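Asks: Test case, fold it:
(one chain, ligands or ions: 1)
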Amino acid sequence: MMKDSEKLVVCIGRGAQKEAAIALAKRVGAPVSESPGEYLTLLVDADGVALTGYGLSYRGDFEQMLHRISDGRLQHEMLVHVAKTKDVHPVAADATAGMGEDALLLAACGYEVTLYEQNPVIAALLKDALRRARKHPVLGEIAGRMHLVEGNSIELLPQQLPKPDLIYLDPMFPARKKSGLINKKLQLLQKLEQPCMEEDALLEMALQMRPQRIIVKRPLKGAWLAGKEPGYTVKGKAIRYDCFVPS
Ligand SMILES: C[S@@+](CC[C@H](N)C(=O)[O-])C[C@H]1O[C@@H](n2cnc3c(N)ncnc32)[C@H](O)[C@@H]1O
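Replies: Numbering: from 1, shown residues only. So this is what the prediction gives:
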């Protein structure tokens, strides 16, 4: 049976730049349509790019992260605590960017972050969210430190210059896909995501890069990524960060 993600169409909505929409359709390998498709639709309109289907609509929006990064709340983020550094211009690579929320936290605490996303539809949504964030009075400076690379980080990240001080990994774990707790919009996005089949290669690539630190996000009770024991772990209520210190 065909997966829903394979039945995607790109719909040229009101005010869309037609050439950009056609180029996007080519990139994601979907047909262009005048009207929304039966399953998933990447809608391109004057506001940017949205994923729609099943009566839902999803647009990447970093504004909904504002409450986590303003008024002194950033320092309470567990990831910020785990990624803390004394470096003046720290460089990070997020090898599994998704919609870039964790990367935004890293950028907000001063990292220059390169985000790698291999799914072309998710990359298109992320690119659009970053474009809008760069124009925002508060998010603009932070989003300016976030650089998206579309493709597989296992192949591309080893070429990154300057070399990252921190590599962040958050590959999707199978349990998340079935979770009834995630919000409806994320369920739409997760129709595109597949559980990570390259755990070993992902961690091996990160270890070979020998950054100061590798941080792996896991479910609290999940197995170690690629079965490899980390140097230390920081636990939260639902998730934990497994940390490797290769050098
Ligand atoms: C669970 S999501 C990451 C969520 C992200 N941490 C956030 O805050 O939004 C995992 C993402 O990693 C991407 N991914 C998995 N393996 C990858 C690889 N080798 N290269 C690039 N992207 C990858 C998937 O397509 C998916 O979008």
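Asks: how about the residues of this protein near the ligand?
Replies: With CB under 6 Å from any ligand atom as the criterion, the chain meets the ligand at residues 95-96, 98-102, 116-119, 122, 152-154, 170-172, 193, 196, 198, 202. Every C-beta, even on glycine, is put in place using the N, C-alpha and C of the backbone.
Asks: List the first helix or strand encountered after the helix or strand bottoming out on mean pLDDT in the chain toward the C-terminus.
Replies: Within the chain, no helix or strand scores below helix 174-178, which has a mean of 54 by mean pLDDT, DSSP states H and E. Counting by DSSP states H and E, the element after helix 174-178 in chain order, helix or strand, is helix 184-190.
Asks: Could you pull up the mean pLDDT of that following helix?
Replies: Mean per-residue pLDDT for helix 184-190: 76.
Asks: Tell me how many other residues crowd the residue of the chain found nearest the ligand.
Replies: Per CB to the nearest ligand atom, residue 98 is where the chain lies closest to the ligand, at 2.6 Å. Neighbourhood size, residue 98 [other CB atoms under 10 Å]: 23.
Asks: cool, residue 165 as well?
Replies: 19.
Asks: In its sheet, which strands sit next to the helix or strand where residue 215 lies, and in what direction?
Replies: Element membership for residue 215, per DSSP H and E: strand 213-219. Strand 213-219 pairs in its sheet with strand 166-169 (parallel), strand 239-244 (antiparallel), by DSSP bridges.
Asks: Residues in contact with that strand: which ones?
Replies: Contact with strand 213-219 is made by 79, 82-83, 102, 165-170, 173, 175-176, 203, 206-207, 224-225, 230, 238-246, as judged by CB atoms under 8 Å, 6 or more residues apart in numbering.
Asks: With that, I have no additional questions.
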